[in-house]
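Visitor: only the shape, not the letters, is given here:
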């Protein structure tokens, strides 16, 4: 989800001058923000240790940029564990997105290690809160070209919450993205026809409307918003407005304005525009609705997103149809899988990059 648009800001008549912040200097703070992004997102060099591989893992996508993971290093192994203190209990009450995020982080680490000639053996534990153990081999000469391409994409991948240019993605590029996403226990369906995208749009709007009518959902989202570069740097987490192409404001101003401009109609209009500008939509469905398969969905999606990034194609989440319980079952029936729980809805297309998000 995103926040404050220029259109809605102007529509309320709330200018920066009106709230007493005329002359607020943004550039130095944005420069500092971009410097921190560059530091966090540099590729590995020399003979990196496990901590450097963990840094690559943390660049994985995750809901509200809460970064709900912990890492444990032992010898030549890395364990990834859920950090339930950073869960989003309203939008993700069963920790589905949390475990998908752990799968994305796992895949980043395995890909980064493979680019250095190190094979990662992944074991997903049992139980209600499984941890992921990754045993890394010694470095061997000659990494696979495919691993190198996906590795190079790790620091460039982002959830690009903007309008895309609407150009079709070639059949060859789609085939590469679908091939990258292959994972046991996960199916991926790609929709590029306008009629299918319009049908998915209806589910997105229905899900978004249900969420926007829930004050607890809106409050949870607001808790993770970061309006100023200084606040984004301070926390190293959350949804920074610039990363969605929206105005950068002093944090106190953003929090004061947000309730006045964040509306169901404006958000639904935004999603209509975004979906209609997209080249297609991919839906990921795990074979079972449990943490183990959610982790697998995350691994599949991360390879899909990295391959897209390597091809110059952007991705962004449209997960309202799988987040809103009142919509999810109808969406599953539309997919022809009434017994399944759809996991992720991802739009893709071409667009300029937006500022990258930070990590802790």
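Guide: Good, I have the coordinates. The structure displayed is predicted, hence computed values, not measured ones. Residues are numbered from 1 along each chain as shown.
Visitor: residue 52 and residue 282, how far apart?
Guide: 31 Å (C-beta to C-beta, to the nearest Å). (Each C-beta comes from the backbone N, C-alpha and C, glycine too.)
Visitor: surely residue 299 meets residue 103?
Guide: Yes. Counting by C-beta atoms under 8 Å, residue 299 does reach residue 103; the two are 4.5 Å apart.
Visitor: these two: which is more packed in?
Guide: Counted by other C-beta atoms under 10 Å, residue 299 and residue 103 do not tie: residue 103 has more neighbours, with 29 against 26.
Visitor: you'd agree the more buried one is up against residue 292?
Guide: No. If you go by C-beta under 8 Å, residue 103 and residue 292 don't touch, sitting 9.6 Å apart.
Visitor: hmm, residue 108 and residue 59 touching each other?
Guide: Yes. Judged on C-beta under 8 Å, residue 59 makes contact with residue 108 at a distance of 6.1 Å.
Visitor: compare residue 52 and residue 282 (neighbour count), which wins?
Guide: residue 282 (23 against 16).
Visitor: could you pull up the residues touching the more buried one?
Guide: 177, 181, 188, 189, 190, 191, 304, 344, 345, 346, 347, 348 (C-beta atoms under 8 Å, 6 or more residues apart in numbering).
Visitor: what residues does residue 288 make contact with?
Guide: Contacts for residue 288 were tallied using C-beta under 8 Å, 6+ apart; they are residue 185.
Visitor: secondary structure element for the residue sitting nearest the centre point of the chain?
Guide: Here the mean C-alpha position of the chain is nearest to the C-alpha of residue 61 (C-alpha atoms, centre = their mean), at a distance of 3.7 Å. For residue 61, there is no helix or strand it lies in under DSSP states H and E.
Visitor: correct me, but it touches residue 306?
Guide: No. Between residue 61 and residue 306 there is no contact under C-beta under 8 Å: 10.4 Å.
Visitor: other SSEs contacting the helix or strand containing residue 296?
Guide: Element membership for residue 296, per DSSP H and E: helix 291-310. On a contact count with 3 or more C-beta pairs under 8 Å, 6 or more residues apart in numbering; DSSP states H and E, helix 291-310 meets helix 96-115, strand 120-124, helix 145-153, helix 171-180, strand 186-191, strand 280-286, strand 314-317, strand 342-349.
Visitor: redo that, cut-off 6 Å
Guide: helix 96-115, helix 145-153, helix 171-180, strand 186-191, strand 280-286, strand 342-349 (3 or more C-beta pairs under 6 Å, 6 or more residues apart in numbering; DSSP states H and E).
Visitor: chain center to the fifth one: distance?
Guide: In this case it means strand 280-286. 14 Å (C-alpha atoms, centre = their mean, to the nearest Å).
Visitor: got it, and the third one?
Guide: If you compare the mean C-alpha spot of helix 171-180 with that of the full chain, they lie 20 Å apart, counting by C-alpha atoms, centre = their mean.
Visitor: next, the angle from it to helix 291-310.
Guide: 150 degrees (axes from the mean of the first three to the mean of the last three C-alpha atoms, to 10 degrees).
Visitor: can you check the last one too?
Guide: Orientation check (the same axes, to 10 degrees): strand 342-349 against helix 291-310 gives 0 degrees.
Visitor: kindly report the same for the fifth one.
Guide: If you take the same axes, to 10 degrees, strand 280-286 sits at 160 degrees to helix 291-310.
Visitor: what strands flank strand 280-286, and is each parallel or antiparallel?
Guide: Strand pairing for strand 280-286, using DSSP bridges, gives strand 186-191 (antiparallel), strand 342-349 (antiparallel).
Visitor: out of the contacts of residue 282, flag the one nearest to residue 161.
Guide: Here the nearest of the contacts of residue 282 to residue 161, counting by C-beta to C-beta, is residue 347; it sits at 9.8 Å.
Visitor: bridging residues for the closest one?
Guide: So, taking DSSP bridges as the rule, residue 347 has residue 281, residue 316 as bridge partners.
Visitor: roughly how far apart are it and residue 205?
Guide: According to C-beta to C-beta, residue 347 stands 14 Å off from residue 205.
Visitor: what of residue 306?
Guide: Distance from residue 306 to residue 205, by C-beta to C-beta: 29 Å.
Visitor: which one's more surrounded, the two?
Guide: residue 306 (27 against 20).
Visitor: who's in contact with the more buried one?
Guide: 150, 153, 157 (C-beta atoms under 6 Å, 6 or more residues apart in numbering).
Visitor: coming back round to it: quick one: the strands paired with strand 280-286 as TSV, columns for mean pLDDT and distance to residue 232 too.
Guide: Formatted as TSV, the strands paired with strand 280-286 follow (pLDDT from 0 to 100; distance: least, C-beta to C-beta, whole Å):
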stretch	mean pLDDT	distance to residue 232
strand 186-191	99	32
strand 342-349	99	24
